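Asker: Sequence and predicted model, in that order:
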Amino acid sequence: MDIRLYNSLTKKKEEFKPIKKKEVGLYTCGPTVYNYPHIGNLMPYIIWDVLKRILKVKGYKVKHIMNITDVGHLTSDADDGEDKLVKASRESGKNAWQIAEFFIKVFRNNLSNLNITEPTKFFRATDTVKEQIEFVRILNEKGYLYKTSDGMYFDTAKIEDYGKIANLANVELQEGARVAKSNEKKNLTDFAVWKFSPENKIRDMEWESPWGLGFPGWHLECSVMSRMELGDTFDIHTGGIEHLTVHHPNEMAQSEAVTGELQANYWLHNAHVKYDGGKMSKSKGTFVTLEDLRAKGFSPMAFRFLILQNHYRKPLNFTMESLQAAQNGLEAIIREIAFYGKPKGRCDKFEEEFYEAVADNLNTSKALAVFQKVIDADCKDSAKLATILKMDEVLGLRLDGLVKNAMDISDEAKIILDERAKARDAKDWERSDKLRDKLIALGVEVHDTPDGQKAIHIKF
Ligand SMILES: [Zn+2]
């Protein structure tokens, strides 16, 4: 069974054929580190993590590169507005470097909490300015750029099929949203690769360049970093659906202008997460972070479970109720598998179906349904557990750890359990029930089985 991926470039699901035999080059557009990511920002990294995991199962080594934008991403994706980090800095009284440092830590913590494997390499935009300047120099030398009063711009008319990934040639471009304030742009879709610092202001982040003091345009870093680490053409490029119309066409245009090659063969885009049917926004109080969810007692794994129940190309409508349902579902799985004993053998009748589902353009919801079939299967518990843990290497729900954690009963509860065993031996049911209530108050559930009491304490 091969991996099949929906490629935004060809607009169809295709069999994945890597450039190298056993290695995959993967690039993901990373975050702009000026604020806490909301849960919708974090969702795609869970999906690309599953992609990496299934590639590994299929025997590929994955070289994964991700950028961290710490300079040059303006409040509008076109080239007007303020640098997001400069704005955050003005609002918080910290400098742009401190803002970036802080939110990089937050982001990496979030990844770790969600059991997302880190990329092979993170690049900060500010760490590759030298290489970005060199890239701009080549673009300029090849005649793709022109100068305006506020920067060096890429002339998109020079790329014959500019915007092919989004069919931009057929899209009527909206005025306003994409037009710079200056009328110096030759085409609506032209974009800055180098922006000049304002004349009478010192920026926290600015560099000398052959064209003047300034900073790189936001789209540039991905073209530069992917080429540095993965070469002129690599296998898979991932990002949010919002990148389909501006950021990715621009990345592709720059890369093709410099190398003459297609930047990546497969382009994957995730749909967005909505909150109660609307956009996540600070003003509406619908800007929810992973920290918020944890403070409400939700496990990051419940969020991961919820994300996997949906297909990544379909918008997900997040509600607290849906998260609660996911957490309940996860608890039910833990409760079910906690007493399976030691993993041994294999309950393999559903394994192929499971991997087939994930390999089919990451159909994680189907994979979860197959996963449930294993739990319900007519196999030995130890064999079911072995298969479940194997499947979890792709799902990444940390089931092994969650079960161990649930089996960890406090000394206080153990003493009560001993007392309760004695009460039951003496057929003192009243005392037994009282002691059960005491255990419940401690969060410990006790089940009476032919083998005696079994206790579990689910904690996230
Ligand atoms: Zn990018």
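Answerer: On my side now, so go ahead.
Asker: What's the first helix or strand after the helix or strand residue 334 falls within?
Answerer: Per DSSP states H and E, residue 334 falls inside helix 320-337. Sequence-wise, the next helix or strand downstream of helix 320-337 (DSSP H and E) is helix 351-359.
Asker: buried sites along that following helix?
Answerer: Neighbour-count burial for helix 351-359, counted by 16 or more other C-beta atoms under 10 Å, picks out 353, 354, 355, 356, 357, 358, 359. The way it works is simple: take the backbone N, C-alpha and C, and place the C-beta from them, glycine included.
Asker: cool, and stretch 419-427?
Answerer: Within stretch 419-427, the residues scored as buried using 16+ other C-beta under 10 Å are 420, 423, 424.
Asker: ok, now which ones touch residue 306?
Answerer: Under the criterion of C-beta atoms under 8 Å, 6 or more residues apart in numbering, the neighbours of residue 306 are 316, 318, 322, 323, 326.
Asker: Burial check on the third one, number of neighbours?
Answerer: If I follow you right, that is residue 322. The burial metric for residue 322, expressed as a neighbour count using other C-beta atoms under 10 Å, is 15.
Asker: ok, now the last one?
Answerer: Residues near residue 326, counting by other C-beta under 10 Å, number 21.
Asker: what pLDDT does the residue lying closest to it once chain neighbours are set aside get?
Answerer: Setting aside the residues directly before and after it, residue 326 is nearest to residue 306 in space (C-beta to C-beta, 6 or more residues apart in numbering), at 3.8 Å. Per-residue confidence for residue 306 comes out at a pLDDT of 98.
Asker: which SSE is residue 306 in?
Answerer: Following DSSP H and E, the helix or strand that holds residue 306 is helix 300-308.
Asker: Does the ion have contacts with whichever strand or helix holds residue 224?
Answerer: In this structure, residue 224 is located in helix 220-230 according to DSSP H and E. Yes. Looking at helix 220-230 against the ion by C-beta under 5 Å from the ion, the contacts come from residue 222.
Asker: Run through who's touching that helix.
Answerer: For helix 220-230, using C-beta under 8 Å, 6+ apart, the contacting residues are 25-27, 29, 63, 65, 67, 69, 72, 120-121, 123, 125, 128, 131-132, 135-136, 193-194, 234, 237, 247, 251, 254-255, 258-259, 263-264.
Asker: Return the set of buried residues in stretch 309-319.
Answerer: By 16+ other C-beta under 10 Å, the buried positions in stretch 309-319 come out as 309, 310, 311, 312, 316, 318.
Asker: same check, this time on stretch 197-204
Answerer: Applying a neighbour-count criterion of 16+ other C-beta under 10 Å, the buried positions in stretch 197-204 are 197, 203, 204.
Asker: State the mean pLDDT of it.
Answerer: Taken as a whole, stretch 197-204 has an average pLDDT of 83.
Asker: what do you get for stretch 345-352?
Answerer: In the prediction, stretch 345-352 has an average pLDDT of 93.
Asker: hmm, back to that, of the buried residues of stretch 419-427, which belong to strands?
Answerer: For the buried residues of stretch 419-427, membership in strands holds for none, with DSSP state E as the criterion.
Asker: Against the ion, which of these make the cut? List them.
Answerer: The subset of the buried residues of stretch 419-427 within reach of the ion, counting by C-beta under 5 Å from the ion, is empty.
Asker: Keeping just the C-alphas, turn the very next helix or strand once past the helix holding residue 224 into CSV.
Answerer: Secondary structure here is assigned by DSSP H and E; on that basis, the next helix or strand after helix 220-230 toward the C-terminus is strand 234-240. These are the backbone C-alpha positions of strand 234-240, laid out as CSV (Å, rounded to 0.1, in the frame of the first residue of the first chain):
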residue,chain,number,x,y,z
PHE,A,234,12.1,18.7,-2.4
ASP,A,235,9.2,16.3,-1.8
ILE,A,236,6.5,17.8,0.4
HIS,A,237,5.6,21.3,1.4
THR,A,238,2.9,21.8,4.0
GLY,A,239,1.0,24.8,5.3
GLY,A,240,-2.4,26.3,6.1
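Asker: And residue 203, how close does it get to residue 90?
Answerer: In this view, residue 203 and residue 90 are 11 Å apart by C-beta to C-beta, to the nearest Å.
Asker: Apologies, that question was intended for residue 60.
Answerer: Taken as C-beta to C-beta, the span from residue 60 to residue 90 is 45 Å.
Asker: show me the contacts for whichever residue of the stretch 1-150 of the chain sits closest to the ion.
Answerer: Among all residues of the stretch 1-150 of the chain, residue 29 sits closest to the ion, at 3.3 Å; criterion: C-beta to the ion. For residue 29, the contact set (C-beta under 8 Å, 6+ apart) comprises 66, 67, 222, 238, 239, 240, 243, 247.
Asker: Looking at these, which is nearest the ion?
Answerer: Using C-beta to the ion, residue 222 is the member of the contacts of residue 29 that lies nearest the ion, at 3.1 Å.
Asker: For that closest one, which non-adjacent residue is spatially closest?
Answerer: When the adjacent residues along the chain are set aside, residue 222 lies closest to residue 251, with 5.0 Å between them (C-beta to C-beta, 6+ apart).
Asker: correct me, but that neighbour touches residue 219?
Answerer: Yes. Assessed by C-beta atoms under 8 Å, residue 251 is found in contact with residue 219 at 5.5 Å.
Asker: Now name the helix or strand holding the residue nearest to residue 231 when sequence neighbours are not counted.
Answerer: Computed as C-beta to C-beta, 6+ apart, the closest residue to residue 231 that is not its neighbour in sequence is residue 25, at 6.9 Å. Counting by DSSP H and E, the element that carries residue 25 is strand 23-28.
Asker: repeat for residue 67
Answerer: Using DSSP H and E, residue 67 sits in strand 61-68.
Asker: so that strand versus strand 234-240, what angle?
Answerer: Taking axes from the mean of the first three to the mean of the last three C-alpha atoms, to 10 degrees, one finds that strand 61-68 is oriented at 40 degrees with respect to strand 234-240.
Asker: What does the pLDDT read for residue 83?
Answerer: The pLDDT attached to residue 83 in the predicted structure is 79.
Asker: That one contacts residue 69, correct?
Answerer: No. Residue 83 is beyond contact range of residue 69, at 10.0 Å (criterion: C-beta under 8 Å).
Asker: What parts of this protein come near the ion?
Answerer: Counting by C-beta under 5 Å from the ion, the positions of the chain adjacent to the ion are 29, 222.
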